[in-house]
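Visitor: Generate a structure from the sequence data that follows.
(one chain, ligands or ions: 4)
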Amino acid sequence: MKKWNIASIPGDGIGKEVVPAAEQVLHTIADIHGGFQFEFTSFPWSSEYYLEHGVMMPEDGIQTLASFDSIFLGAVGNEQLVPDHVSLWGLLIKIRREFEQVINMRPAKVLPGIASPLANPNQFDFVVVRENSEGEYSSSGGRIGNGEEEIAIQNAVFTRKGTERAMRFAFEQAKKRSGHVTSATKSNGIIHSMPFWDEVFNDVSQDYPEMTTESQHIDALAAFLVTKPETLDVVVASNLFGDILTDIGAGIMGSIGVAPAANLNVNGKYPSMFEPVHGSAPDIIGKGIANPIGQIWTAKMMLDHLGEEESATKVLEAIEQVTRQQMVTPDLGGNCTTEEVTNAIIQELKR
Ligand SMILES: NC(=O)C1=CN([C@@H]2O[C@H](COP(=O)(O)OP(=O)(O)OC[C@H]3O[C@@H](n4cnc5c(N)ncnc54)[C@H](O)[C@@H]3O)[C@@H](O)[C@H]2O)C=CC1
Ligand SMILES: CC(=O)C(=O)O
Ligand SMILES: [K+]
Ligand SMILES: [Mn+2]
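Guide: Ligands and ions are numbered 1, 2, ... in the order given. All right, here's what the predicted structure looks like:
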């Protein structure tokens, strides 16, 4: 029997609530399949770990993770204990970079039974391909001076290699979908990186003459996600633009609690990491009402990545059956708990 070794990092806040829920679902689907199983090794790396050890993960943490088939992460961040930029750069962003997880794939589509906050949502189904290793998320820059003289400089880094890689990945996705790629730009306001981004998009699109393309400024595109999301298929975006667009994508699905994500290593050198779009949700910690669907849909993406596509499809179908019956947590207007939604998905799988 095949065994998938997964490093599990629940992290902070509701990560500790939704990761175990999704692991239950993964064990269930493995049992149903019968030909593979999961072994989860859990790591306590979090803001609490930082308070005790002064680091978000041990020095050999990256080395430890390298031997796993995939990493399954909840969320990182507890501002009460550790400044966010310290905790995120010490764990989440560190893993993304060290393991060259250069693509963050984030689908968004209508889930049956869920009332979108959009008044008349058309049947949208798109995926954002977010460049995940450079761009605006950069450590280049610094702070100097004090008081009124203080200056903060934050550089964005766009390499041709990284930009092109994200765009090619987007076009390859589009081949499997309806063949339309939208580039998120801002070349009217950002004078170096974004005209460069547009040029690379134009160059790469020459290699995909069968695809249709469009380029939209990020501000207009943000509005289109609300007014006509059904026109989008694959959106390629820089690190920050992709981050923002995917919270909008989550919003129009009904809640950030349902949105999945995959941080993909595409050169095969290191494991990929699967973690939902949402954060640690400090306002609902410990209430038992965190929506587990984002983490469970993320588990579905991990199954796809591991080549267990048939099981992956079954997990998404079970999620859709449960939302169709409106067995959902309060963020989606329901009154179910994390446990009730998880159990309903498990029961659906067992049918
Ligand atoms: N990838 C990651 O690990 C991320 C970590 N963060 C961190 O998380 C902390 C909180 O950040 P926020 O900006 O408030 O974003 P957040 O995503 O944690 O929460 C935003 C809102 O969505 C709700 N929400 C999020 N996930 C939910 C779920 N599964 N079920 C029900 N409701 C849910 C929260 O209750 C809150 O009202 C910060 O420390 C931040 O840095 C934020 C975003 C991503
Ligand atoms: C930090 C964050 O919000 C993200 O990378 O999605
Ligand atoms: K997350
Ligand atoms: Mn985000």
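
Visitor: Okay, strands next: where are they in the stretch 1-150 of the chain?
Guide: If DSSP state E, counting those that start in this stretch is used as the criterion, the strands of the stretch 1-150 of the chain fall at 2-11, 36-42, 70-75, 103-109, 125-131, 141-144.

Visitor: now for the ones you listed, which one comes closest to Tyr270?
Guide: strand 70-75 (9.5 Å; Cβ to Cβ). Placement of C-beta: from N, CA and C, glycine included.

Visitor: can you list the strands of the stretch 1-150 of the chain in JSON lines and add distance to His217, mean pLDDT and mean neighbour count?
Guide: Listed next are those as JSON lines, based on distance: least, Cβ to Cβ, whole Å; pLDDT from 0 to 100; neighbours: other Cβ atoms under 10 Å:
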{"stretch": "strand 2-11", "distance to His217": "34", "mean pLDDT": "98", "mean neighbour count": "20"}
{"stretch": "strand 36-42", "distance to His217": "43", "mean pLDDT": "98", "mean neighbour count": "16"}
{"stretch": "strand 70-75", "distance to His217": "30", "mean pLDDT": "98", "mean neighbour count": "26"}
{"stretch": "strand 103-109", "distance to His217": "20", "mean pLDDT": "97", "mean neighbour count": "23"}
{"stretch": "strand 125-131", "distance to His217": "16", "mean pLDDT": "98", "mean neighbour count": "24"}
{"stretch": "strand 141-144", "distance to His217": "24", "mean pLDDT": "97", "mean neighbour count": "10"}
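
Visitor: can you tell which of those is closest to ligand 3?
Guide: Using Cβ to the ion as the measure, strand 70-75 is the one of the strands of the stretch 1-150 of the chain that comes nearest ligand 3, at 4.1 Å.

Visitor: Now whichever residue of the stretch 251-351 of the chain sits closest to ligand 1: which helix or strand?
Guide: Residue nearest to ligand 1 within the stretch 251-351 of the chain (Cβ to the nearest ligand atom): Gly279, separated by 2.4 Å. Gly279 is part of no helix or strand when elements are defined by DSSP states H and E.

Visitor: Tell me the secondary structure at Val322.
Guide: What DSSP: H, G, I helix; E, B strand; the rest coil gives for Val322 is helix.

Visitor: circling back: may I ask you to confirm that the residue of the stretch 251-351 of the chain closest to ligand 1 is in contact with Gly13?
Guide: Yes: using Cβ atoms under 8 Å, Gly279 makes contact with Gly13 at a distance of 7.3 Å.

Visitor: Overlap in contacts, these two.
Guide: Contact criterion Cβ atoms under 8 Å, 6 or more residues apart in numbering; residues shared by Gly279 and Gly13: Ala75, Gly77.

Visitor: Same drill for the two, tell me which one is more crowded.
Guide: The residue with more neighbours, out of Gly279 and Gly13, is Gly13; 25 against 22, by other Cβ atoms under 10 Å.

Visitor: mind listing what the more buried one touches?
Guide: Gly74, Ala75, Gly77, Asn78, Gly279, Ser280, Ala281, Pro282, Ile285.

Visitor: of all those, which two lie farthest apart?
Guide: Using Cβ to Cβ, those span at most 13.3 Å, a distance reached by Gly74 and Pro282.

Visitor: Please, where are all the strands along the stretch 151-300 of the chain?
Guide: Here the stretch 151-300 of the chain has its strands, by DSSP E, counting those that start in this stretch, at 151-154, 180-185, 212-217, 234-237, 262-264, 272-274.

Visitor: possible to save the strands of the stretch 1-150 of the chain as JSON lines with distance to ligand 3?
Guide: Conversion of those to JSON lines gives the following (distance: least, Cβ to the ion, whole Å):
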{"stretch": "strand 2-11", "distance to ligand 3": "8"}
{"stretch": "strand 36-42", "distance to ligand 3": "16"}
{"stretch": "strand 70-75", "distance to ligand 3": "4"}
{"stretch": "strand 103-109", "distance to ligand 3": "11"}
{"stretch": "strand 125-131", "distance to ligand 3": "13"}
{"stretch": "strand 141-144", "distance to ligand 3": "25"}
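
Visitor: Tell me the residues of this structure that contact ligand 3?
Guide: Residues of the chain found near ligand 3 (Cβ under 5 Å from the ion) are Ala75, Glu275, Pro276.

Visitor: Identify the residues contacting the closest residue to the last one other than its chain neighbours.
Guide: Yep, that's Pro276 we're talking about. Leaving aside its chain neighbours, Pro276 sits nearest to Gly294 (3.5 Å; criterion: Cβ to Cβ, 6 or more residues apart in numbering). Contacts for Gly294 were tallied using Cβ under 8 Å, 6+ apart; they are Val18, Ala250, Ile256, Gly257, Val258, Ala259, Pro260, Pro276, Val277, His278.

Visitor: let's see it at 7 Å
Guide: By Cβ atoms under 7 Å, 6 or more residues apart in numbering, the contact set of Gly294 is Gly257, Val258, Ala259, Pro260, Pro276, Val277, His278.
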